[in-house]
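Enquirer: Here is a sequence together with a model predicted from it:
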Amino acid sequence: MRRTGLAPAAWGAALILAGMGAAVIVSSQSGVPARAVGGLAVALGVAGIVWAGWCLSRGTVLAPRTALGGIMVSLGCVAALLATTGGRASIIAAAVVVALLLASAILTAGEMRHRAAPTGVRMAPLLIAATLVTLLATPALGAVQDAATVRSDGTIPVIDPHQGH
């Protein structure tokens, strides 16, 4: 069960972290420090997605100590995003990514403690874990967009795909 829940939790955290970083990078109101942290967030997000897929395909947690180090750096990156963006990073997304990173850390540490041989993935627990993470990650990703597009007066611009036609 630890291995089955790890991949969706890591994917959810990685997607949100990459989304937060991308939002900071493309924001016209971001300074150089915020964009640098945003670039790190995107890189960590991509690394997390690759690592989780690799673990799932192998049926075991690979490089758990390195993964725990990456999780700690990711937690610091979330804090840095909140600190450098001047209120333009989503608190909701940050809370969800921290929760998913902590879940990933707990599952990874548990696997380090009780190392077992690689096994196949059971579909039912994987689908349940993926559904739970999706229920958390989807609204968090929406909050990332809202936080990135908010105006200085607190309003969110309406984007008209038809440009008034």
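Expert: Received, thanks. What you see is a predicted model, and the numbers here were worked out from it, not measured in a lab.
Enquirer: isn't Val144 right next to Gly21, touching?
Expert: No: checked against Cβ atoms under 8 Å, the pair Val144 and Gly21 is beyond contact range at 9.5 Å. Yep, even glycine has a C-beta here, placed from its N, CA and C like the rest.
Enquirer: Now find how far off-centre stretch 30-42 is within its chain.
Expert: 15 Å (Cα atoms, centre = their mean, to the nearest Å).
Enquirer: List the buried residues in that stretch.
Expert: Residues of stretch 30-42 classed as buried: Ser30, Ala34, Arg35, Val37, Gly38, Leu40, Ala41, Val42 (neighbour count, 16 or more other Cβ atoms under 10 Å).
Enquirer: Surely the second one is in contact with Ala83?
Expert: No: applying Cβ under 8 Å, one finds Ala34 not in contact with Ala83, separated by 9.0 Å.
Enquirer: neighbouring contacts of stretch 68-86?
Expert: Contacts with stretch 68-86, where a contact means Cβ atoms under 8 Å, 6 or more residues apart in numbering, come from 13, 17, 20-21, 24, 27, 29-31, 33-34, 37-38, 40-41, 44, 47-48, 51, 89, 91, 94, 97-98, 101, 104-105, 108-109, 112.
Enquirer: in what helix or strand does the residue positioned nearest the centre of the chain lie?
Expert: In the chain, the centroid-proximal residue (Cα atoms, centre = their mean) is Ala13; its distance is 2.6 Å. Using DSSP states H and E, Ala13 sits in helix 2-26.
Enquirer: what do you get for Leu62?
Expert: Judged by DSSP H and E, Leu62 forms part of no helix or strand.
Enquirer: any idea how far it is from Ala95?
Expert: In this view, Leu62 and Ala95 are 28 Å apart by Cβ to Cβ, to the nearest Å.
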